[in-house]
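Enquirer: Okay, sequence plus prediction incoming.
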Amino acid sequence: FGFVLIIFSIPFLWFNERRSVEVSRLINRGAAICQEAKPEIVESDLNGELVHICGKIGNSKIIHDEDFGVTADNSVKLRRVVEVYQVQERSSSKTKKDQIGGGQTTTTTYGYDHVWSEVQIDSSKFKDARFKGMNSKVNFICHNQTFVAESVQLGHFKLNESQKQRLNNYEAITLHSTIVNSFSRRMRELINKLNWGSPNIYVDGNCIYIRQSHSQTPQVGDIRVSFKRVPCDMVTIVAQQSGSSFEPYDIRNRDFRLKSDSETARLLDEQNRNFCTSISQGCDSCCWTCCCCFKCMDTVLAAPSTIDWIYAARMTKQEVFRAEAKQNECLTITFRILGIIALSLGISMLFEPVLALTSVVKIFADILGFGVLVVSFLIGIVVGLIVIALAWIFYRPFLALGLLVLAGAIWGLFYLMGDDEGKA
């Protein structure tokens, strides 16, 4: 498993740098060409251009959940969340090293909680016989569902479906007690099929409770349905103006429009080539597994080529592009840390056979294990920085030299520490 971590973490670090640079270029190009648009007027001159626009959205039609009779006015989305009261198993494990023989003993303890869950919990494999199969009679009479407004307007513009789906600033809907009289015929039939006799149906806050009895404590199988909505409020959009609506803006189209037809064809051909393609061409002389790793990471860490951003707040053009740049920076740093940790763990796992041979003497095994962990992380950091630096030679050549110097300094420190121990 250690070898697998290593061969996955190296291309992961490489393609993360490529993704970071390509996203940064996308943001910088977008900031340079983005133009201001006003929601009060659709300017034909801006059609097909990348625009920044902000204002308050609106929806004149009421969104309706017909099953429960719940409505939301002046909203983008209405969300129904269905939960059933169930038993959930939790486990905790403790591993102790044996005093004699160097082996390990793992003890697992199990606990059980009653929770409201949106999915059915399988209780057939519970360890405790008292709770085993307790959720077998749980019945979801309906499931989670999101109702989206047909048309959401921003002045004279209309939001596209993708933009509506990405607005998720939900707020709870307070329900009136009389809502229980608005259930649809279909919903009442589903409740009757539960065979609970006279179920206790009532409203509390933004939730409808459908319970088996009038007891204060819920029972396994009781149902809770809550509702929330995305209100029509201030939004900021950076996307391509397409008539009176929006669509993703392909930043490459801007570059191609500045070129002749023959030059455009050449640029398209170059855009279609990537590092992974060149790697795959060498599969005859390289490990097939390594090629698969590179192709996988090339797909997972592919950078977007389009701009279609929406924020549920009023933001200037500069604030939007700064926010996107900050997000890209945070994601890049996070992926670097994850890649180096995975690389270090993979290296440490390669030493497991050696640690197993020395596990007879507990004290010696503990000291050696700690030393292997420290050395593995030092090697992982150095190798990780070298991989990042080599990627920068391709994508950030001016910064690559500095990172190689840093990696060399850490390696030199590691070498001097080892040399001092050898002399001692």
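Expert: All right, it came through fine. Numbers count the residues shown, from 1 in each chain.
Enquirer: What separation do you get for the residue lying closest to S182 once chain neighbours are set aside and N181?
Expert: What sits nearest to S182 in space, not counting adjacent residues and going by C-beta to C-beta, 6 or more residues apart in numbering, is G69, at 2.6 Å. Yep, even glycine has a C-beta here, placed from its N, CA and C like the rest. G69 sits 8 Å away from N181, going by C-beta to C-beta, to the nearest Å.
Enquirer: Show the subsequent helix or strand relative to the helix or strand where I201 lies.
Expert: I201 belongs to strand 200-204 when elements are defined using DSSP states H and E. Downstream of strand 200-204, the first helix or strand assigned by DSSP H and E is strand 207-211.
Enquirer: Who are the packing partners of that next one?
Expert: Under the contact criterion of 3 or more C-beta pairs under 8 Å, 6 or more residues apart in numbering; DSSP states H and E, strand 207-211 touches strand 200-204, strand 223-231.
Enquirer: A391 is nearest to which of the ones you listed?
Expert: The closest approach between A391 and any of the helices and strands packed on strand 207-211, judged by C-beta to C-beta, belongs to strand 223-231 at 39.7 Å.
Enquirer: mind listing what's buried in that closest one?
Expert: I223, R224, V225, S226, F227, K228, R229, V230, P231 (16 or more other C-beta atoms under 10 Å).
Enquirer: Farthest-apart pair in those, please.
Expert: Maximum distance among the buried residues of strand 223-231 (C-beta to C-beta): 26.6 Å, for I223 and P231.
Enquirer: For the stretch 251-400 of the chain, give me the ranges with low pLDDT.
Expert: Flagging of the stretch 251-400 of the chain using pLDDT under 70 yields the residue ranges 253-295, 297-298, 353-366, 398, 400.
Enquirer: quick one, strands of it?
Expert: 306-307, 309-311 (DSSP state E, counting those that start in this stretch).
Enquirer: Which one of these lies nearest to Q120?
Expert: That would be strand 309-311 among those, by C-beta to C-beta, at 34.3 Å.
Enquirer: and that closest one, how far from the chain's centre?
Expert: 17 Å (C-alpha atoms, centre = their mean, to the nearest Å).
Enquirer: Can you get me a residue count around the spatially closest residue to A149 that is not a sequence neighbour?
Expert: Once flanking residues are discounted, A149 sits nearest to N59: 4.5 Å by C-beta to C-beta, 6+ apart. The burial count assigned to N59 is 21, neighbours taken as other C-beta atoms under 10 Å.
Enquirer: which residues does N59 contact?
Expert: N74, S75, V76, A149, S151, V152, Q153, C232 (C-beta atoms under 8 Å, 6 or more residues apart in numbering).
Enquirer: ranges for the helices of the stretch 201-350 of the chain?
Expert: Residue ranges of the helices in the stretch 201-350 of the chain, as given by DSSP state H, counting those that start in this stretch, are 251-257, 261-272, 275-280, 288-300, 317-349.
Enquirer: And the stretch 1-150 of the chain, by the same measure?
Expert: Under the criterion DSSP H, counting those that start in this stretch, helices of the stretch 1-150 of the chain are mapped to 2-33.
Enquirer: so what pLDDT did the residue nearest to S182 get?
Expert: Among the per-residue scores, G69 shows a pLDDT of 94.
Enquirer: returning to what we had before: for A312, see how far away the residue nearest to A149 is.
Expert: Distance, N59 to A312, by C-beta to C-beta: 14 Å.
Enquirer: How about F1?
Expert: Distance from F1 to A312, by C-beta to C-beta: 43 Å.
Enquirer: Show me which of those two is the more surrounded one.
Expert: Taking neighbours as other C-beta under 10 Å, F1 and A312 compare with A312 leading, 17 against 10.
Enquirer: Show me the shaky parts of the stretch 51-200 of the chain.
Expert: In the stretch 51-200 of the chain (pLDDT under 70), the answer is 97-104.
Enquirer: Swap in 90 and give it another go.
Expert: 60, 92-108, 136-137, 197-198 (pLDDT under 90).
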